[in-house]
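Colleague: Show me how the following folds:
(one chain, ligands or ions: 1)
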Amino acid sequence: MKINDKQLAQVNDRIKALIASNSFYGKKLEDAGISEVCSAEDFEKLPFSEKKDLRDAYPLGLMTAPEEEIVRIHSSSGTTGKPVIIPYTAKDVDDWGEMFKRCYEVAGITNKDRIQITPGYGLWTAGIGFQNGCEKLGAMAVPMGPGNTEKQLEMMQALETTVLCSTSSYALLLAEEIQKRGIKDKIHLKKGVIGSERWSDKMRERISTELGIELYDIYGLTEIYGPGIGINCEHNTGMHYWDDYLYLEIIDPKTGETLPDGEWGEIVITTLVKEGAPLIRYRTHDLSRIIPGKCACGREFPRIDTIRGRTDDMMKIKGVNVFPSQIEEVLAEFDEISSEYQIRISHLDGKDTMRIYVETNGHVDFADLAKRIAEKVKSRIGFTPIVKVVEIGVLPRSMKKTARVIDERFD
Ligand code: ZN
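Modeller: Predicted coordinates for the structure are as follows:
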């Protein structure tokens, strides 16, 4: 989906504001001799922005609106080095609340719901984002924050909360506790809004069945407002995102080239109306694709697919971009293999090849199983791997995180 004229005009407004404020990105654009973009082709030539730049702008180098208009900052905790600080104007906070309200509405949540919010409050954008949207919707927020399961369950019963906002791991923990205590009939939850982290279909199904609720995936990142910039609808075919606030592109993470709709790659986001810290072509390193066509729900908002992982996980085999999670999904369909597998990428005769090792017991025809797995990978992902079937227990086990992908091309 190419950028349209209205969005281009909005980008030009942001470019002007960035340059006028002499902010970190304003200077960058000025140095690159960019003052406006006239076409989609121009836009696709704009330099990317990166998390590293945001760190370099620490503490307030990204501030693009006058100081007296900034009402709040949020910060994303970096695992290494300096954090990133994002300033927000009152309008930014309001816009974010509107987007989040839309998310709740798409999930069928109304002002009659009681929303228990378990993500953390504070410098980061999680709890307060869920709260903003909830108040805008007119629903009742139960602002718990994380942890203290005892208290969570107590409030959940006493207040008869109908919506749970949490990470998938915390939702699972709560589901297990509810089952253990035999209090399911005292729980009134109908829906769960789950913050974006990669979770398997198996986990989703478990949470959904054990709590008896519908689940919705919410997308977002601190650099771009926070959670609430996209959510799946009742048809569960990817997440709708708000293209009146944001322009999304999918790029090839290696070449930086913008990819056509439907192709998998890295999500790059441009904020169209953000004032405090506009970002142009921000590389999220999240892997997804734009789903072509219209959703059966009739909403005009475009969709991205469930996040597949991070660009760092991506491999390119015979010209096809592949992520470990895709292989994992295919393998999950074979009941006869164990949960252990290993992927080895090597360079043979001028070509990259993938070998997949899987385990099974002695009752299975190894050759036939290998053939079926290879065919399924070919039909799903588009290339044929070499599949090796071994006896259960042969693949290495580790107490820590097991290395399942081994790249031998650069040894
Ligand atoms: Zn839809």
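Colleague: Which residues of the stretch 101-250 of the chain lie near the ion?
Modeller: Applying CB under 5 Å from the ion, one finds that the stretch 101-250 of the chain approaches the ion through 233, 235. Heads up, the C-betas are built off the backbone N, CA and C, glycines and all.
Colleague: ok, and the closest non-adjacent residue to the residue of the stretch 101-250 of the chain found nearest the ion?
Modeller: Nearest residue of the stretch 101-250 of the chain to the ion: Cys233, at 3.3 Å (CB to the ion). Of all residues not flanking Cys233 in the chain, Cys297 sits nearest, at 4.6 Å (CB to CB, 6 or more residues apart in numbering).
Colleague: Residue ranges in the stretch 251-400 of the chain under the pLDDT threshold?
Modeller: 398-400 (pLDDT under 70).
Colleague: Relative to the whole chain's centre, how far out is the longest strand seen in the chain?
Modeller: Taking DSSP state E as the criterion, the chain has its longest strand at strand 337-348. Chain-centre distance of strand 337-348: 26 Å, with CA atoms, centre = their mean, to the nearest Å.
Colleague: ditto for stretch 252-262
Modeller: So, by CA atoms, centre = their mean, the centroid of stretch 252-262 is 17 Å from its chain's centroid.
Colleague: Now do the contacts for Lys316.
Modeller: 254, 322, 352 (CB atoms under 8 Å, 6 or more residues apart in numbering).
Colleague: out of these, who's nearest Glu105?
Modeller: Val322 (36.0 Å; CB to CB).
Colleague: ok, the closest residue to the closest one other than its chain neighbours - how many residues close by?
Modeller: The shortest distance from Val322 to any non-neighbouring residue, by CB to CB, 6+ apart, is to Met315 (5.0 Å). Residues lying near Met315 (other CB atoms under 10 Å) number 18.
Colleague: just the one 10 residues further on next, same as before
Modeller: Using other CB under 10 Å, Ser325 is surrounded by 15 other residues.
Colleague: tell me the secondary structure for it?
Modeller: helix (DSSP: H, G, I helix; E, B strand; the rest coil).
Colleague: For it, give its distance to the ion.
Modeller: Counting by CB to the ion, to the nearest Å, the gap from Ser325 to the ion is 23 Å.
Colleague: Hmm, the residue nearest to Val322 is touching Phe323, no?
Modeller: Yes - applying CB atoms under 8 Å, one finds Met315 in contact with Phe323, separated by 7.3 Å.
Colleague: need the helices for the stretch 51-200 of the chain, in chain order.
Modeller: 51-56, 90-106, 126-137, 149-158, 168-181 (DSSP state H, counting those that start in this stretch).
Colleague: which of those is buried the deepest?
Modeller: helix 126-137 (a mean of 24; mean count of other CB atoms under 10 Å).
Colleague: Can you name every helix or strand that it contacts?
Modeller: helix 90-106, strand 114-117, strand 140-143, strand 224-232 (3 or more CB pairs under 8 Å, 6 or more residues apart in numbering; DSSP states H and E).
Colleague: now the first one against strand 224-232, angle please.
Modeller: Direction vectors for helix 90-106 and strand 224-232, defined by axes from the mean of the first three to the mean of the last three CA atoms, to 10 degrees, enclose an angle of 20 degrees.
Colleague: Name the residues that touch helix 90-106?
Modeller: Contacts of helix 90-106 (CB under 8 Å, 6+ apart): 69, 71-72, 88, 113, 115, 129-130, 132-137, 139, 163, 193, 216, 218, 225-233, 240, 242, 245, 273-276, 299.
Colleague: rerun that using 6 Å as the cut-off
Modeller: Contact partners of helix 90-106, identified using CB atoms under 6 Å, 6 or more residues apart in numbering, comprise 71, 129, 132-133, 136-137, 218, 225, 228-229, 231, 233, 242, 245, 274-276.
Colleague: cool, stretch 151-158 as well?
Modeller: 142, 144, 186.
Colleague: What subset of those is buried?
Modeller: 142, 144 (16 or more other CB atoms under 10 Å).
Colleague: Tabulate the contacts of stretch 151-158 (JSON lines), appending pLDDT.
Modeller: Below are the contacts of stretch 151-158 laid out as JSON lines (pLDDT from 0 to 100):
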{"residue": "Val142", "pLDDT": "98"}
{"residue": "Met144", "pLDDT": "97"}
{"residue": "Lys186", "pLDDT": "97"}
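Colleague: Where does the record place the domain boundaries for this protein?
Modeller: 89-311, 314-410 (automatic domain parsing).
Colleague: Show me the beta-bridge partners of Glu359.
Modeller: Under DSSP bridges, the beta-bridge partners of Glu359 are Val390.
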